[in-house]
Structures are given as C-alpha cells and as structure tokens.
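[1] Can you look at this prediction? I've put the sequence above it.
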Amino acid sequence: MKRQRDPWLPSLLRALVLALAAAILCWRLTVPIGVAMAIAGALVGAITADRLGRDRGSPLRLGTVLLLSLVIAAIGAWAARVVVGSSAAASLLGPMAALHTSEAMLWFFLTGPLVFALRFTAQRRPLWAVAEVLAVALAIAVGFSAHRDGMVHRPLAIGDWAWSQGIDPVVIFLGLGGLAVFLLAGMLLSEERRRRIPLHMSALFALALALLLFVRVNGLPKPQGAGDLGLTGDPEAEENEPGGEGGGQGQDQSDQLGDIEFKDEYNSGGDQAPVAVVVLHDDYAPPTGVYYFRQSVFSQFNGRRLVQALRDDVDRDVVKHFPFQPLDVPGAPAVSERRMALRTSMGLVVDHVRPFALDSPAKIQPVRNPNPLHFQRAFEVRSHVQIQPYEELLGQLPGSADWPSDQWQHYTESPTDPRYKEVAEGLLDGLRPEYQDDPLAQALTVKNYLDVNGIYSRKSQHADSPDPAASFLFGDLTGYCVHFAHAAAYLYRSLDIPSRVAVGYAVEEGARGGGSAIMIRSGDAHAWPEIYLEDVGWVVVDLAPQTTLDEPAQAPDSELQRMLGEMMRQQPGDETMLDDELRNKINLAAIAKGLAVVLAVLLVVAYVIKIYRLLSPRFAGSAEQYRVAYRATLDRLAGIGLRRRYGESRERFADRTEQMAPSFVGLTREHLGSALGSQRALDGDSVRRLAAAVDHEIQHRIPRWRRLLGAINPVSWLLAR
Amino acid sequence: MDRTDTDVIVASPDFLDGEETAEIAVEELVQKDPETAAEHDSAELGSAELESAELESAELESTAELESTAELAPSIATEPSVGLPAVDPSPEPDPLAEAMAVMESLRARIRSQVIGRDGVIDLVLVALLSDGHVLLEDFPGSGKTTLAKALGASIVDDLADDEIASFRRIQFTPDLLPSDVTGVSVFDPVSNSFHFRHGPIFAHIVLADEINRTSPKVQSAMLEAMAEKQVTVDNQTYPLDELFFVIATQNPLDMAGTYPLPVAQLDRFLFKIRMVHIDRSSELEVLNTHRQRRDIMRHDLPRVTRTQVLAARQAIDDGVAIDDMVKECLVDIAQNIRNDERVLLGSSTRSLVLMLPALQALAALRGRDYVASEDIQLLAPRVFEHRIDLAPGVTELDRVLEDAMAKPVESLARSTLRRR
C-alpha cells in the first residue's frame, strides 16, 4: 500500500534547475570552488524552502523569512570580505586559500538565501513561481547574451572550445537553449502533480527538435543593423517591386529603391553587428587609408537631392544585381600604374539588395557559399584598386572627353541656389595659382573647408527643409555622412567637376588589424562623394569632419573578424567542405544506430519480462500460484485487449470478461481469496488448472490474429494491472 | 453426472465455498457450451489438457456434491417447509455457511415482500448482521414500513417469555414524550409499588418513523437506546435485547416543523440510505402481486430465530477475514476525505470501526469469506456520506467521495498482485 509521500522528485528537479542557473550565472565571475559552492547553496536553499514552505500551518511569516534571508546573505557577503580583506586570514591560510575561502563563502551565502527566498515565496504565493522561472531564464540568458548581434564566437568559453573541436557553437547554443526551455517547463510542470508530465515533456522535446530543424533548414535569424542606409535587404524584393521599399528599414515608402534619405535622427543601434566579411587575396593599403565598398551611386539631381540615375548610359560601373555567372563590369577602369588588380572574397552575413565591392570592381562572380549557417551568399570580386597617392593625380582634367554633353549635364547639375557657387568660388581664393584650375585641388579645398567647419552628428535638423543640403551647408553645418556627401557633391558640381554620391561601406585600414580579413559591420555604412578625372576614373574625395558630437566607433572584434575570415576562406570544392558533409552524414547514421540499439535493448528487455511473467507459474511454488498464475492470465487478457480500468474492481473486471473467459471469474475469486486471507482458498495446482482453463477459453473464443497480436505486443504486460 | 443437481448448485453459487465454485466454473464451460466442447475434440492443441481438467473436475465434483447437498440444499433449495426454520444442524457444522444460509433465507423472505429494493434489502441485512442501525431517507409510501415489517416477521423470537416483541413501530410526532418511547413506571395499587411498563422500544426490530419530527429530547432517548442498548427510566436501567435493530426514516423534502438530526447523532446510524423510486416493471409487479404476497407471508418461506441471527453475527465476525491491506485502504479513504478542501468535518474513527463488521457481513452476504475492494466500493459511500459536513457552497458529495476512494481502492486492487 502506498503511503502519502512528499513529492521529492519535483522538489529535487526544481532544486537542480535552480542550482544550474546559479552555476551559469556565477561561472564567469568566480573560481571553480565558488561555482561549486553556489550550486551547493542553491540546492540547500531550494530544498530547505520546499521543506519549510510546504507546511502551510507553520508559523513562519513570509516577510520575516525574506528579511531573514536578506540578512543572512548580507552577513555572508560581509564575512567573505573580511576573510579576503584581513591580513590575519591571509597569513593564516595563505593568500590563495584565503581567496578561495572567501569566494566559496560569498557565493554560498549569496545563492543560498536568494534561492531560498525565491522558492519560499513561490511556495507561499503560487503566482510568484513566475519570478522563480524568470530568474532562471534570465540567469541562463545573461550567461549567453554575449552571443547576440552576430558575435558568433562568444561567449569565448564555449565558442573557443567548440571551434577547436570543429563544432559550430551555434549548434551548442541551440542545444543549451532547448535544454533551458526543457528545464524551465519541467519546473513549471512539476508544480502540478499530474500524470501528463511525460506527455507534456515529449511534446516540448518535439518542439525543441522542430526548432533545431527549422534553423538547420532556414538558417538563423540574422542581426539587422538598424541604420544601414538601406544597403541590406532581400534582393528578390527589389526585382519584384521596383518602386517599393528599398529593403532597409526606416526608409520611406515613397523612396526610390536604394535611395538614401536625409534623416534627422540616424539610428545607430546594432552598430557592431557584422554584415559581411571580405578576404583580400593580396596585400593592399588604400592611399586614403580607408577601404571603400561601393554598392550604389546617386548622380541624378531630381530638384531636391541626388537619386539613382534613370538613364542606362551613366554609372555603368555599378552592378545592379547579384550575377549568376561571372560578370565583367562595364566601364571599369583599366589596370595601369594607377590601379592594380586585387581579388577579394565577399561573404554576406546579412543579405543585401545589391552586391558591393571594393572600389572599383571589374569582375564579379558568384561562388558557392562556404558556410550556409553563417553566410547568406558569397561572391568573388576582382577590383582594380587605386594605388597612386592623391598628389600624383593632380593635373588631370575633370570628366571625360568622350562624354556627350547631356552626360556632362547629368554629372554637373546642381540646385539653382546661387550660394553653392558663391561658397565654392570663395574657397578657391585661397588656392595656389598653379592649382587654381585643377579639379582635384579644387575638390580637396572644398573637402578641407567642410572637414574643418563641419560638425559630424547623427542628430540634425535638415530633413524638413526643401533643400536639406543647403540647410546643412548654409546653416549649422551639422549633419552626418549623407549631408556631407551631398553638400560636397553640389559644391564640386558648382565648380563644374563631375561628381556623384556613392553609398556603401567604409572601413578604416587600421580595423583590419594586419590580417587579410575585413569584417564589415553595420555601423560602417557610409555615403561619400566621388569625382571623375580623365584617365583615372571615379576618385573618392571623402570628408572627415574634425568635430564630431558622437562617440567614436568601437574597434571591431579582431577575434570574430579572424574567425569569419577563416570561415570565408574555406572555399567551395574544398576538401574540408566535403569532409564536413560526410561527417554530418556519419553522425546522423551513428545517432540512428545508437537509437536502434537502445530500442532493440528495450525490446529485448520487454520480451524477457513478458516471457518471464508468462512462464513464472511453472516455476513458482504452490503458495505463489494464486499470484503468478493470475498475473500470467492478466497478461494474456491484456494482450487481447481486455484490461482492468482504473478504479474498476477485480470482480467487476472478471464479470466484464465473462463472455470471453468464463473461468476467469472463478480464477479472480481464488486470487482475491488467497490474497485477502480467505480460509477456503484452493491449492496451487487447482489455481493453475483454472488459469489453464481461462487460457483455453481464450484460445477458442478469440480469433487467431488477435491472439497473435497479443503475443507479439512486447508491452502487453505493462497494460495488465 | 446428474444434471439437475448441478443446476441447483449453479443457481446459487453464492453459497458454495470456493472449491466448488471453481470446479463448477470449469464444468460450466464444458456443459453449457457444446460448440466449444465439440471444437475441443477437433482442435489440435490443448484438447488433451482440457479433457484432463474435465475429468478431474468430475472427480472432485462427486466428493463436493455430497457435502454441498448435505448442508446447503435443505436450507436454500428445498421445498418450503412449514413452521420453524429449516437450517438443519449438519454433522460438521460450518458456522459461516450457516450464517450465509441465515442471511439468504432472510433475504429471500424480505425480497418476496418488498419488490424492486434488492439493494436496500441487502444494506439493511448488512446492518442487521453487523449490529448497526439504518436511517432511510425516502418518501411516504415507498415501502419502508413493509420492509421493516417483513424483516420483523422473518425473525422468530425464540426467547422464553420476556417483554421484548419481535417488531414495533413508533411514529414520531412533535408532542411525543420520551416515556412514550421507553416506557413508564406505573403505580400498581395491588402490590402497592411501581411497576415498569415497557415501551415500544423493547423489540428486536424497531421502525422509528419520521424521527426528525420529534423533539430533541425524544430523539436523544432513542439515540441512547441505540448506542447503549439500554433504557433508563427513573434512574432505573433496563437492558434491551442483544438483537436490537432500528430502522429510522425521515422525509428529505418536508422540512417544516422538524428537528433535523445533527451530524453527531447521525453518526449513530451505520447507514443513511437514500431510496429512489423503484423502476416501472417492479412497480407493476407490486400491483400485480399485492394480494398474493400478503397470503404467502404467513407460511411460505422459512424464518430464522433470534439465536440464529446472533450466531450468524458471531460466525461472520470470526469467519470473514479482513486483510491488513483492506484496513489500510479504509484508513486512506478516511484520511483523503478529511484532507479534502471541500470537506469541513470528515468521517470519524468510530465510523471506520463500525464499518469493519459491515464489510464482513456484506462479504458473507456475497458468499465470500474475505473482504474485497468491491465491498468497500459499495459500503464506503453509504457509511461516510451522512458523517461528512461539506464546506459552504459545495454540493457534490458524491464527487467528493468518489475522489477520496479512487486511489486507495485502486491501490488495494493492485496490491493483491504483490508478493507478501
């Protein structure tokens, strides 16, 4: 007879979950002994609280208990400080031992009372069980929060190990997340003592598995840089809906695709999230000190700002679609003493509306994605990059002699506002006479003016003005790259220098950190002006305001940059790629094999138990026959689908089965009589004969197929009760 | 083998001891199922086995037959004998079998008088055999007096002359006085002394009609008699007979001008039986056999004596086993009821103590010499339901009891498979 017992299993489970959460939380903050003591504290706290809290009649008041645990935690923390702070303890134990003692005390007394308070509150006020669950969820989430924003290698403690084992940590994190959900749900479920827990658990497990599969198939959600100038997005959407939203968020519906808008508040959230990685196949240091990756250009003046050209004969060096086969970019500058060819491999962590490439691309070809889990797409670019310093570009003519006049017009059209020309020409006054007519010198003069006087800020107040560039240039000169680029382009154009605004990413050379991989982050999105010089092509004359109101950008995570570069370098067709696939397959097969073995073992065990129970009447003594023979008969009946319902008495069950096995009524009576102390119970042989009679009746009344099914069923003995 | 003899035994398997029941079960299969038997011969497997079983059963049958016909057949299956009860003393008397026979003849007699109330009759018999009292809650004209009278008429007072009648009925009214129930001391001018005149409570079977209509004073006099089996008048205590059985009734609907019995007093009754209207066919039968039954009553079925009833009580107490698992089950049910949030006042320990003989009696009535979970399932609700005070707003007493019983009963059923 079962007695009313304390539900120790749910209690223990909860305690383990809380201990695990405590361990994850303090793992990065303390030495191993501290972690161990945190686990111990959580276990002690949870179990004690369960013990005390369950007794509703106990005189402990909730407030008192909470206050008390707070006091204990404070005293523990203070004692830990004393141990590590006093020279007496250090000289007595030695400095290391003192530190360890202090850590152990601190964490034991922090987690113990805290967990105790949580658990006790949850016991007394069931609603507050939510707080407990939240605390566990937060502890786990905080432990892995470094992984967000595309920082696939963090937290390093797991990432390093995983990479070294050749496992993508994403898989590990997903597994851990699933485990966390599993534990949390287990915790919640164990509050309610129901029989359905196994069912709920398996449903949950299936859900977690489905999530894992979804990610394997669809990939992880990619971090979206908030202010990316509309560079990122789905390239398919562009083709289907040319007039629609440009893909990047924050764009107005009315915007032309891929156009940039003047905004008063340029959102800089998620700046650090990587959007792409570029691997340089050769060493290259740009003369400007900045790598410019151009995606789109804006050269047509629409009366308010520059937009993408509607004509086909201009800006032909901009690739508008991701190519499906190697594409030679028309209008690319040729290789000369000014430009050299440089191969780069691009891997897009976030999908973009258009390809972008190191200035200036000559050939783009798609390549197989080396790591679909982390890259949306990959392509290779041959760029003819500028190697000559700016001084040597002096003395070139602006524009090209081949251009027809409407193309000249296209590149030099600017607002009718006369102030642009006034300002520009006013600036030229300071120029040395020999450079008075040199377009590059003129442009650099303008740039100098803006660099010195302009104030960089992501917050500005020009967007509402009819000409935002004018509002910026003749107003407070405060704005971000779009303002600077437009203002500079208008000023260049007012000096009859053909110019345009390019949009893409700009990464400083220093960020490369000496490696060959350049990680492009969301915050690297940039707009800059370019001018056209005869025989040279489009030259970036970017601005670098000396005054900035914003915080300086953070240096990129070199670890992540190196890792993404390594990932990118595993080119398709590589042996490693093949190996990976093979290994995946083998793993699956091994798992399947393991499962099959486990199943087979379970099956064998089930059959052994079944056969044992069926045969046991032959070996059991006479005194046990009433039990084992009856049990064997119950198993047989369960096999053919006759089983006692929950709460049904044995006699009633026998009555119910009388149609099938009339002798079973007598057998049941004998069984109960023997079990419950009848004086007139039959001896073992007679009981066995009765059981045989039941067996016989079953054989003659139940169709053969039904009996065969019963015989095959390995778990029929589990159904008998 | 003799077919008719077998049929007699099969017809009343309740009175066979376990050995015979088992054999008959085997034999029944062979006899009543000719197709199956025919199949046996052609069946390739197991036919030999069955035949051997058949043979053995026949062998055993012949020995069992002698005993059974000797001790049981006269009491149950013979032609009705006139006059005194017919349980013959057998050469080797089995007291439990006799007790079962006594119960069966009581049951047969009452059933011939009261139609469609078999369940209530069984409960009343259980109460009688376990020295308890019953409270019937039903509507006027539903046969409770007939039931009580039939019971009273079935028992012969074989004591020498005393003041105890075999059956009395007391109709309770608000102006009744305790002495109307217990009796009163009367001055006898001849002997110049007080002389106690016994009240109607001095009987073996007392029908206390509408007990909730009388004042608490009378009720308590009644209840004292029930609990102590004695009556105190003028500081003089008069014992009642050992066989003292009260069937009290109360009308559940008409509550105006009543003094409802508190839970503590209801505790004195073993059962509170809620009667429902009998079904259509039974009601029709009541009308059809109305006259007939009145005639039969006098001389048809055998009656039992007071001594036999008391002996049966003793035999049941001695002979019906109550396993420890059964007791644990009872205690668990009571604990579950007390721990239920919907219950203000759970059942008393006394109710558990009272329940043990009732379980034994029911087991005997069902032809068993051990108490099984079925007995608990039938009796527990009837024993506990009037002893429970539900929390305000809770009405589903049946549900509460069901919940409290489910787990202990199930684990009792399972425990029989366990090694001891």
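    Okay, I see it.

[2] Might one say that residue A:622 is in contact with residue A:685?
    Yes: the pair residue A:622 / residue A:685 is scored as a contact, 6.9 Å apart, by Cβ atoms under 8 Å. Every C-beta, even on glycine, is put in place using the N, C-alpha and C of the backbone.

[3] In contact with residue 107, which residues?
    I'll assume chain A. Shown in contact with residue A:107 (Cβ atoms under 8 Å, 6 or more residues apart in numbering or on different chains): A:26, A:30, A:34-35, A:37-38, A:41.

[4] I was after chain B.
    By Cβ under 8 Å, 6+ apart, residue B:107 lies in contact with B:121-122, B:125, B:365.

[5] returning to what we had before: highest neighbour count among the contacts of residue A:107?
    Counting neighbours by other Cβ atoms under 10 Å in any protein chain shown, residue A:38 comes out on top of those with 31 neighbours.

[6] Skip the chain neighbours and tell me the closest residue to residue A:36.
    Using Cβ to Cβ, 6 or more residues apart in numbering or on different chains and skipping residues adjacent in sequence, the residue nearest residue A:36 is residue A:104, 7.6 Å away.

[7] ugh, wrong one, residue B:227
    Here the residue nearest residue B:227, using Cβ to Cβ, 6+ apart, is residue B:268, at 5.6 Å.

[8] could you list every residue that touches residue B:209?
    With Cβ under 8 Å, 6+ apart, residue B:209 has these contacts: B:144-145, B:169-172, B:248-249.

[9] Hmm, I typed the wrong one, I wanted residue B:237.
    Here residue B:237 is in contact with B:230-231 (Cβ under 8 Å, 6+ apart).

[10] who does it bridge with?
    residue B:232 (DSSP bridges).

[11] same thing with residue A:294?
    residue A:357, residue A:504.

[12] wait, it sits on residue A:357?
    Yes: if you go by Cβ under 8 Å, residue A:294 and residue A:357 touch, sitting 6.9 Å apart.

[13] what about stretch B:325-333, average pLDDT?
    The pLDDT scores in stretch B:325-333 average 93.

[14] Run the chain-centre distance for it.
    Computed by Cα atoms, centre = their mean, to the nearest Å, the chain-centroid distance of stretch B:325-333 equals 21 Å.

[15] and it, anywhere near chain A?
    Yes: part of stretch B:325-333 sits near chain A under the criterion Cβ under 8 Å from any Cβ of the partner chain, namely B:325-326, B:328-329, B:332.

[16] in that stretch, what counts as buried?
    B:325-330, B:332-333 (16 or more other Cβ atoms under 10 Å in any protein chain shown).

[17] could you redo those residues as JSON lines and give each row secondary structure and distance to residue A:307?
    Formatted as JSON lines, those follow (DSSP: H, G, I helix; E, B strand; the rest coil; distance: Cβ to Cβ, whole Å):
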{"residue": "B:325", "secondary structure": "helix", "distance to residue A:307": "90"}
{"residue": "B:326", "secondary structure": "helix", "distance to residue A:307": "93"}
{"residue": "B:327", "secondary structure": "helix", "distance to residue A:307": "93"}
{"residue": "B:328", "secondary structure": "helix", "distance to residue A:307": "89"}
{"residue": "B:329", "secondary structure": "helix", "distance to residue A:307": "87"}
{"residue": "B:330", "secondary structure": "helix", "distance to residue A:307": "90"}
{"residue": "B:332", "secondary structure": "helix", "distance to residue A:307": "84"}
{"residue": "B:333", "secondary structure": "helix", "distance to residue A:307": "85"}
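
[18] From those, pick the one nearest chain A.
    For the buried residues of stretch B:325-333, the residue nearest chain A by Cβ to the nearest Cβ is residue B:328; the value is 4.4 Å.

[19] Quickly note the distance from the closest one to residue B:357.
    18 Å (Cβ to Cβ, to the nearest Å).

[20] Which residue would be the closest one in the stretch 251-400 of chain A to chain B?
    residue A:373 (51.6 Å).

[21] What confidence value was assigned to that residue?
    77.

[22] With residue B:362 instead?
    93.

[23] I'd assumed residue B:377 was in contact with it.
    No: counting by Cβ under 8 Å, residue B:362 does not reach residue B:377; the two are 10.5 Å apart.

[24] So between those two, which is more surrounded?
    Neighbours per residue, other Cβ under 10 Å: of residue B:362 and residue B:377, the larger number sits with residue B:362, 27 against 18.

[25] pretty sure the more buried one belongs to a helix, no?
    Yes: according to DSSP: H, G, I helix; E, B strand; the rest coil, the state of residue B:362 is that of a helix.

[26] that older thread, burial of the residue nearest to residue A:36, as a residue count?
    Residue A:104, neighbours per other Cβ under 10 Å, totals 23.

[27] tell me the SS of it?
    Per three-state DSSP, residue A:104 ends up helix.

[28] ok, now which ones touch residue A:638?
    By Cβ under 8 Å, 6+ apart, the neighbours of residue A:638 are A:710, A:716-717, A:719-720.
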